[in-house]
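Peer 1: No letters, just coordinates:
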């Protein structure tokens, strides 16, 4: 196993439900230094596992394991941390409880403090739903987080993104093969359909106009739709997908006892130095929403990723965008 | 029956297939004048019938039946013109042949010339797929069309729109209830799912952010998703939907013997005075694509509808947008 498990015990979720024997899967890169000042937390996105975060980590990069201790916690529901697919009855499958972003970050906080004794985090960063966790870290633990760099993600799921996600889950929950979550084999026809629905949202109009999927090794549009999009979703357990999707649809850093739904207050409470990086052509985590949020955060700069790669400007598959993000991280980490 | 039928006889389609006893359903408003100079053609959009065009027609409006003879031809596949749902075996259901935009406009041309003896058309206008037919009219019959006013639609389906439509059909063609088009009762679970997929595309991010569905009489987002979006698709036969969707996915005014795929040439051949009106926040017929096309047309002006209503800025459900479109039509019709 190329990752570690932090046992959480029985956890009480925001919903009030108790999930017995919950656990957080994580991977680390580099070594924690003596004064525990070099920790970076880099949570995973919707549908991803820590493997998908590794493009941003490496020698000579901002997230350099020779310099930093980088912890990548896996999102609940992603198949490695507690999920519908790996939790025994009576909390398996569709009976797996709803887990919020706030819950996720609380568990990650326990890992950071109980397992490693870390008191200050040099940086929290993440893409998409990882960006929302990044904002949540800074809002939940303002005294602990020194810097944040959320990219292609907002501090809550704005209504249009909620609607887009309704469309993403529609082919699955309307199918018979899903069987209300009680499928014996994965509902692959529906998961392929989800890939097709997602395709238009993931990349921008200009990306498709300019056939930018060709440098990714896909000769034709049809090949890209099946080889990239359908395949991407075939690797995910259907109930896990729905679990993460719920987490995404209801994400809001103020939806908790600390801020009681006061979104502005949650943003204004962030003390970390922040660099907020939306993709200029992101169709769901829009630059407009990001700009509004950035303006509420006391110590934040707005640095859009100027790219036709839409939401996937933050996925590490387009060199220019990767360079931009890496440079911003480098600059942010250099600030004392 | 509140509309008329123009029998086309056996028609040979662009595909080479022959559809026997084809017919074009249409409605007219106003009276053709003596010199046949007051004709306006206003084709229907994807999923629509002539009823859905009537918001733009009325006394005192640009499309005034007391002044003009307005002909609204129904798109093939829409349930009134020849469609999977009203064509007998062996061309019923999924066996209904593929009909292009070029085919549709050829049939409409026969109606205009054979039935009414019209030689010049004062204006062709239309929304969405109706806009593509508008462009096609001007490219197929450049000497006949004096003015065009396409709104929220382009002269071809650009790749991203093709991809978005792949997502729209995905829940249906992946379902068992669709039964490859051989359903006995309408596959309503999938049609509802299609409504959910479409919801994010139809209106802009800002529309949802500002809850602009409330003035439409929908108190909550969920009510809007079911009451507006799902219901919209429940009124459409599933095979008809797929037929129109194919027409939309492969729309291109240059895909015919006249222009042999030379899209620029097709646009440059348009002689009509043109006013092109994209919605500024339309997520699939984008202002960028519209602007490019407008620049190729010799006698065209670019007049974006400044609106957060996305694609539905052209649907006649938001007064300000309707006024803007109506004013542009008024100005265009005043040009001699």
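Peer 2: Noted; the coordinates are in hand. Predicted model only: the values in this text are computed from it and were never measured.
Peer 1: which residues are in contact with the helix or strand residue A:330 falls within?
Peer 2: Counting by DSSP states H and E, the element that carries residue A:330 is helix A:319-334. With contacts defined as CB atoms under 8 Å, 6 or more residues apart in numbering or on different chains, helix A:319-334 is touched by A:55-56, A:61-63, A:122-123, A:125, A:147, A:149, A:151, A:273, A:275, A:277, A:279, A:303, A:305-307, A:309, A:313-314, A:316. From N, CA and C alone the C-beta is placed, and that goes for glycine too.
Peer 1: in that helix, what counts as buried?
Peer 2: Residues of helix A:319-334 classed as buried: A:321-322, A:324-326, A:328-329, A:332-333 (neighbour count, 16 or more other CB atoms under 10 Å in any protein chain shown).
Peer 1: Kindly report the same for stretch A:16-25.
Peer 2: A:19, A:22-25.
Peer 1: ok so, going back, greatest separation within the buried residues of helix A:319-334: which pair is it?
Peer 2: Distance extremes for these: the farthest pair is A:321 and A:333 at 18.7 Å, using CB to CB.
Peer 1: Columns pLDDT on top of the buried residues of helix A:319-334, output as a markdown table?
Peer 2: Formatted as a markdown table, these follow (pLDDT from 0 to 100):
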| residue | pLDDT |
| --- | --- |
| A:321 | 98 |
| A:322 | 98 |
| A:324 | 98 |
| A:325 | 98 |
| A:326 | 98 |
| A:328 | 98 |
| A:329 | 98 |
| A:332 | 98 |
| A:333 | 98 |
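Peer 1: related to what we said a few turns ago, mind checking which of the buried residues of stretch A:16-25 land in strands?
Peer 2: Cross-referencing the buried residues of stretch A:16-25 against strands under DSSP state E gives A:19, A:22-25.
Peer 1: how about CSV for the buried residues of helix A:319-334, with distance to residue B:260 added?
Peer 2: CSV is the format used below for these (distance: CB to CB, whole Å):
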residue, distance to residue B:260
A:321, 38
A:322, 41
A:324, 42
A:325, 44
A:326, 47
A:328, 48
A:329, 51
A:332, 54
A:333, 56
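Peer 1: which one of the residues you listed sits closest to residue A:259?
Peer 2: For those, the nearest to residue A:259 is residue A:332 (24.6 Å; CB to CB).
Peer 1: what's the distance between that closest one and residue A:136?
Peer 2: Residue A:332 sits 18 Å away from residue A:136, going by CB to CB, to the nearest Å.
Peer 1: do the same with residue A:221
Peer 2: Going from residue A:221 to residue A:136 by CB to CB gives 37 Å.
Peer 1: Please say which of the two ends up with more neighbours.
Peer 2: residue A:136 (33 against 17; other CB atoms under 10 Å in any protein chain shown).
Peer 1: What is the burial count for residue A:235?
Peer 2: Applying other CB under 10 Å, we find 11 residues neighbouring residue A:235.
Peer 1: got it, and the one 5 residues further on?
Peer 2: Other residues lying near residue A:240 total 22 when counted by other CB under 10 Å.
Peer 1: Touching, it and residue A:81? I think so.
Peer 2: No - look at residue A:240 against residue A:81 with CB atoms under 8 Å: they stay out of range, at 10.2 Å.
Peer 1: Buried residues in stretch A:92-100, which are they?
Peer 2: A:93, A:96-97, A:99-100.
Peer 1: give me the subset of those residues touching chain B.
Peer 2: When CB under 8 Å from any CB of the partner chain is taken as the criterion, no member of these contacts chain B.
Peer 1: With pLDDT as extra columns, can I get the residues you listed in a markdown table?
Peer 2: Putting the buried residues of stretch A:92-100 into a markdown table (pLDDT from 0 to 100) gives the following:
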| residue | pLDDT |
| --- | --- |
| A:93 | 97 |
| A:96 | 98 |
| A:97 | 98 |
| A:99 | 98 |
| A:100 | 98 |
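Peer 1: Which of those lies at the shortest distance from chain B?
Peer 2: Ranked by distance to chain B (CB to the nearest CB), the buried residues of stretch A:92-100 are led by residue A:100 at 19.2 Å.
Peer 1: what's the spacing between the closest one and residue A:244?
Peer 2: Separation of residue A:100 from residue A:244 (CB to CB): 12 Å.
Peer 1: Just the element for residue A:336, please.
Peer 2: Here residue A:336, judged by DSSP H and E, is contained in no helix and no strand.
Peer 1: So for it, what pLDDT did the model give?
Peer 2: Note for residue A:336: predicted pLDDT of 84.
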